[in-house]
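need a structure here:
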Amino acid sequence: MLQYVVIIGAVAQLIGIASYIKETIKGETKPNKVSWLLWAIAPLIASVAAFSDGIRWAVLPVFMSGFGPLLVFLASFINPKSYWKLESFDYICGICSVLALLLWWITKEPLIAIIFAVASDFFAAIPTLIKSWHYPATETIDPYVTGLFSSITSFFAIKSWVFTAYAFPIYLVIINILLIFAVLGKKIFRVEQIIKE
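Here you go, the predicted structure:
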């Protein structure tokens, strides 16, 4: 019965993504297209790999972590003000992410797929982590908070504690915490500095 908690997490994640999409369409949030496209691809591949290895309900949060970014990526084309200028570093991270996906495709093993999907997703996250730290006003925190919640619900649905079941959810918990910290980091340090003064 606990495995159905992932449905609550999936709904929460959709709410967070809807908030991000709304801010993107208004031009208040400027998603890094490289990150969001690759964040869509890697988890969707990891979902297929986990599903092919017999994982069922526990894969829903991983699937949602790909489906939501796909919606954000598509929404980023609606409002030209939501554009974030891509630099060579963004493209390098994108290439590393795509290489990780190609290595998975060559091996076609679920275990290898998860490892390379995590690597791909992480390389895709680097540009947004850097952007969020330096320009937190260009980000909306909602999808990262709801993504964290959704990722945690994955652990309620795991029936067999095999690597393909828990690896990507653990990674999603870690990366969402890092993204939340990147968006809020300067505010936290600023508050600490004011308190010390």
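
and residue 15, how many neighbours does it have?
Counted with other Cβ atoms under 10 Å, residues neighbouring residue 15 total 13. Yep, even glycine has a C-beta here, placed from its N, CA and C like the rest.

got the contact list for it?
Taking Cβ atoms under 8 Å, 6 or more residues apart in numbering, we find residue 15 in contact with 142, 146.

Which pLDDT value belongs to it?
Here the pLDDT value assigned to residue 15 is 93.

do residue 2 as well
Looking at residue 2, its pLDDT stands at 61.

Please apply the same query to residue 177.
For residue 177, the pLDDT comes out at 96.

Likewise for residue 128?
Per-residue pLDDT puts residue 128 at 87.

Can you give the distance of stretch 111-122 from its chain's centre?
Relative to its parent chain, stretch 111-122 has a centroid offset of 13 Å by Cα atoms, centre = their mean, to the nearest Å.

Please apply the same query to stretch 116-136.
9 Å.

buried set for that stretch?
116-133, 136 (16 or more other Cβ atoms under 10 Å).

can you pull the contacts of residue 71?
By Cβ under 8 Å, 6+ apart, the contact list for residue 71 reads 17, 21.

Equivalent analysis for residue 36, please.
Neighbouring residues of residue 36 by Cβ under 8 Å, 6+ apart: 69, 72-73, 76, 128.

Can you read off the backbone torsions of it?
Phi and psi for residue 36, reported as degrees, to the nearest 10, are phi -70, psi -40.

Give me the subset of the contacts of residue 36 that lies in helices.
Within these, residues falling in helices by DSSP state H are 69, 72-73, 128.

Show me where this structure dips below the pLDDT cut-off.
For the chain, the stretches flagged by pLDDT under 70 are 1-3, 81-84, 187-197.

residue ranges of the helices in it, please?
Secondary structure of the chain (DSSP H): helices located at 5-26, 33-52, 60-75, 88-107, 110-134, 142-157, 163-196.

would you put the C-alpha positions of the second one in CSV?
What follows is helix 33-52, C-alpha atoms only, in CSV (Å, rounded to 0.1, in the frame of the first residue of the first chain):
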residue,chain,number,x,y,z
LYS,A,33,17.5,24.9,-22.2
VAL,A,34,20.5,22.5,-22.2
SER,A,35,19.8,21.5,-18.6
TRP,A,36,16.1,21.1,-19.0
LEU,A,37,16.2,19.2,-22.3
LEU,A,38,18.8,16.7,-20.9
TRP,A,39,17.0,16.5,-17.6
ALA,A,40,14.1,15.2,-19.7
ILE,A,41,16.0,12.7,-21.6
ALA,A,42,18.2,11.1,-18.9
PRO,A,43,15.4,10.2,-16.4
LEU,A,44,13.1,9.0,-19.1
ILE,A,45,15.8,6.6,-20.3
ALA,A,46,16.5,5.6,-16.6
SER,A,47,12.8,4.9,-16.3
VAL,A,48,12.8,2.6,-19.3
ALA,A,49,15.9,0.9,-18.0
ALA,A,50,14.4,0.4,-14.5
PHE,A,51,11.1,-0.7,-15.9
SER,A,52,12.8,-3.3,-18.1
